[in-house]
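Q: below are the sequence and a predicted model; questions follow.
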Amino acid sequence: MDSSNTASMSRRGFLKSAAVLGGSMVIGFNAGGALAITTGSAPADSVGFNPFVKIAPDGTVTVVVKHFEMGQGTSTGLTTLVAEELNVAWDQVAVEFSPSNKNYINLAFGGQGTGGSTAMANSYLQYRQAGAAARDMLVRAAAAEWNVDATEVVLKDGQLASGNNKGSIGDFIQQAAKLEPAAEPVLKDAASFTLIGKDKLPRKDSMAKTTGKAMFAMDVKVPNMVYVTILRSPLFGGTLKSFEIGAAAEVNGFVDAKALPDNSGVAIYADSTWASIKARRSVTAEWDNSAADSRGAAEMLSEYTEKLNGKPTYDVTGKADLVEMETAAKAASRSLSVDFHFPLLAHAPMEPLNCVIEPTEDGGVRVHDGCQFPMITHPTVAAITQLPEDKVEIITYYAGGSFGRRANTKSDYHAQAAMAFVALGGKKAIKLVWTREDDLAGGFYRPMFAQRAHIGIGDDDKVSAWSQHTVAQSIFKGGPMESFVVHDGIDHASVEGIADTAYQLPMALGLTDYESPMPVLWWRSVGHSQSGYTMEVLMDMAAEAAGKDPVEFRLSHLDQTDENQGRLAGVLQLAADKAGWDGKQVAGKGRGIAVHKSFDTYVAQVMDVSVNAEGAISIDKVVCAVDCGVAVNPDVIRAQMEGAIGYGLGAVMRNQITMKDGVVEQGNFPQYEPLRITDMPVVEVHIVASDKAPSGVGEPGLPPAGPALANAIYAAIGTRVTSLPMTSAGIKFA
């Protein structure tokens, strides 16, 4: 199996000793990535490794999942890998979230965290190896007990058998831990898979969520807990000068109000979240807004356009001079010049940001959170509470969505909670809750983007010149992950999906940064959220200029003998075939297509729309094709495609964050309306059978959705939408 797209891990063999501590058999990895095995339930660091798989005497297998679950199906996916290799029944396996520990790293970026659609990609071999190691040792332990060759022992559904000898895996955990581990556990071949690739495998979180037993951070209550909300400046960059409690003291349940140590706001303490919210309304504050951003959305857009008119700061592609390519494009017999504008977008997860911090008996603190980036949260809380990191414990719960918001490199809401905890004396547990209004007005948005493209079509009906200029506020500059993404001054998240397009294009690409104190952050699919739209609308426009069918035109710019281009062409053709694409348009209806690669996953979508008598658009159906390597959980993949399509459509149809004099104008869902159930089209997902290493599926379904809709709308009513959201461009939806 090709594992080129899977983050590599150390495979230096097992530790050569095992301690018998009693209890469960534990398989894990040490800090160097080597597999290790023991029995017992001692803390990870006390035995030098982190448990990944625990096998109890009753045969129950617990998989310790290192990536948090925000609805993307990771807890099911990683559990599938272990259960497959260990040959245990699906109902025999339980899930446990890993503790905060630097050795539970994401192998893709070297710290403990979930993001970038990397959970399955970086864990695929790791969790399979853990399961295979357990299987090998249990089989050999049973063989020794029964005095037979290991090849004569069969392990199926958690039961070991050889002739008349039978036993549960739990019967052999003590013996297995005493054996010399195999240096390289043998993984099963794909032909023998019984769980990987199985359709409709029940999700491990479904029952708990359906019955209300699943614990989210919002559900956490600890003794003597005080609830906190934060009063912040309405302007980004504003700081607190002074405040008055005033009538807040009369609110039933009010406890206290204190300035946060960094003067970023006022913490309002109460005996319930509602009491804190009511009291906050009565607290008056004076803000120093001398360094704050007071620009409005129109002013920002004007500044973006001004930068588009200038010379790019960075030459991204380095293949050709931008001016020369622009001149060549304009000189072509068939050419087009287009500007695109993309607004600020909020993440708006269904569960607002919240966490609990409580003091522990040993003088430390315990954080309860749907924690996406422990590698950031852990040191952040330790620094603010002035504790060593080993005195900070993080317990991770389910999260009600994130879309990037909980993966904040500044760990903003955790930092606020820690400051509120310290400001109150550090002796009482506090629960910080952001309202949805706080979240929508609180920043860390998907940045605005502006694009200008000049494209020429040659006599061969293919692109002869492509010049493009991107203006964007950098997400990564100045952050802890800057060195991973920013090279030679170029934040590649600003140009991903364009600079690395699979299309064979004579392209020159420039980038100019936009400066603002407004905090920005990745958003589901990061830069691909706008580059996919830009590229695929432009390819449709270029196809029209060339007089070619949109599918045919795209395929003419892909070399199918190249693996990368071939996989993109494969999903494009599959989606077109499954949708019955014939290039014909019907009056009152429209059909559009788009294809995009992101996070090593290839997705194409054909979208059908219809127009009513009032000219309003209904989205009727989406046919989606996805190539994500090995399809570990097909139903999870389908769900992620469906969810990403819905999330992406809601964003391009209606969503934007705007400011007036620096103050955010959107308050809640009435002003920032997500896709409604009545808007959601029928979605048909086709998964490419593959033996390539699995890649991510949480984000790649989003980038093609917007341009497929835009191209369908153009086919239906002749309007090209190059400035989002679509409703602001005059598009009406039924």
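A: Arrived safely. Residues are numbered from 1 along each chain as shown.
Q: what segments of the stretch 151-300 of the chain are strands?
A: With DSSP state E, counting those that start in this stretch, the ranges of strands along the stretch 151-300 of the chain come out as 154-156, 159-162, 165-168, 226-232, 239-244, 254-259, 265-270, 284-288.
Q: let's have those strands in CSV, adding distance to K589 and mean pLDDT.
A: In short, each C-beta sits where N, CA and C put it, glycine included. Shown next, in CSV, are those (distance: least, C-beta to C-beta, whole Å; pLDDT from 0 to 100):
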stretch, distance to K589, mean pLDDT
strand 154-156, 52, 98
strand 159-162, 56, 98
strand 165-168, 59, 98
strand 226-232, 48, 99
strand 239-244, 54, 98
strand 254-259, 58, 98
strand 265-270, 51, 99
strand 284-288, 53, 98
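Q: those: which one's closest to I455?
A: strand 226-232 (44.3 Å; C-beta to C-beta).
Q: partners of the closest one in the sheet?
A: Strand 226-232 has these partner strands in its sheet, going by DSSP bridges: strand 265-270 (antiparallel), strand 430-433 (parallel).
Q: what separates it from the chain centre, distance-wise?
A: Relative to its chain's centre, strand 226-232 lies at 27 Å (C-alpha atoms, centre = their mean, to the nearest Å).
Q: kindly report the same for stretch 699-714.
A: 19 Å.
Q: what do you get for stretch 543-563?
A: Mean-position distance between stretch 543-563 and its chain equals 30 Å (C-alpha atoms, centre = their mean).
Q: pLDDT averaged over stretch 556-571, what's the number?
A: What stretch 556-571 shows for mean pLDDT is 98.
Q: next: stretch 525-544.
A: Mean predicted lDDT for stretch 525-544 stands at 99.
Q: same thing with stretch 120-139?
A: Taken as a whole, stretch 120-139 carries a mean pLDDT of 96.
Q: coming back round to it: make CSV out of the strands of the stretch 151-300 of the chain and add mean neighbour count.
A: CSV is the format used below for the strands of the stretch 151-300 of the chain (neighbours: other C-beta atoms under 10 Å):
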stretch, mean neighbour count
strand 154-156, 14
strand 159-162, 19
strand 165-168, 16
strand 226-232, 24
strand 239-244, 16
strand 254-259, 20
strand 265-270, 25
strand 284-288, 15
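Q: indicate which one of the strands paired with strand 226-232 is closest to L125.
A: Judging those by C-beta to C-beta, what sits closest to L125 is strand 430-433, at 38.0 Å.
Q: can I get the closest one as PDB, trimmed to CA atoms?
A: What follows is strand 430-433, C-alpha atoms only, in PDB (Å, rounded to 0.1, in the frame of the first residue of the first chain):
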ATOM      1  CA  ILE A 430     -14.900  28.800  37.000                       C
ATOM      2  CA  LYS A 431     -16.900  28.000  33.800                       C
ATOM      3  CA  LEU A 432     -16.400  30.500  31.000                       C
ATOM      4  CA  VAL A 433     -19.200  30.600  28.300                       C
END
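Q: quick check: buried residues in the following helix or strand past that strand?
A: Reading on from strand 430-433 to the C-terminus, the next helix or strand found by DSSP states H and E is helix 436-441. Across helix 436-441, burial judged by 16 or more other C-beta atoms under 10 Å covers 436, 438-441.
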